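Q: show me how the following folds:
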Amino acid sequence: QAQLVESGGGLVQPGDSLRLACAASGRAFGEYAMAWFRQAPGKEREFVAAISRTGLSTKYANSVKGRFTISRGNAESTVNLQMNSLKPEDTAVYHCATAHIVSDYAADYNYWGQGTQVTVSS
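A: Residues are numbered from 1 along each chain as shown. Prediction:
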């Protein structure tokens, strides 16, 4: 069973940057794809970005493409999300998750972290 712990969230102003981190333990981290999803109050969970087990393939939601970058360090069992040019609509709880394939469907992911809050407001 995997344990995922997110960190790095906070309150920032529009245009600022944040870097989220997800630390994984309890399984062979390098064998699984990883992703970030987010959920704003009153809204469904939304795909943000995903990365293959090798890190060579990535996928992004159109709403964050060009602003967010997902990366992973298999030696450290971490996956990061660099978020630049943040907008108020990026406000949400951000969760990391593991899967066997790179996918933008939440149902494909089997382990989830508790999430970290990101608030973008002036």
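
Q: when you work out contacts or count neighbours from here on, use the C-alpha atoms and nothing else.
A: OK.

Q: next up, the contacts around the spatially most central residue of the chain.
A: Nearest to the mean C-alpha position of the chain, by CA atoms, centre = their mean, lies Trp36 at 2.3 Å. Residues near Trp36 by CA atoms under 8 Å, 6 or more residues apart in numbering: Phe47, Val48, Ala49, Ala50, Leu81, Tyr94, His95, Cys96, Ala97.

Q: check which helix or strand covers it.
A: For Trp36, the element it lies in under DSSP states H and E is strand 33-39.

Q: how about Val5?
A: Here Val5 sits within strand 3-7, counting by DSSP H and E.

Q: and which of the contacts of Trp36 is nearest Ser121?
A: Nearest to Ser121 among these, counting by CA to CA, is Tyr94 at 16.2 Å.

Q: and for that closest one, the neighbour number?
A: Tyr94 is flanked by 27 other residues according to other CA atoms under 10 Å.
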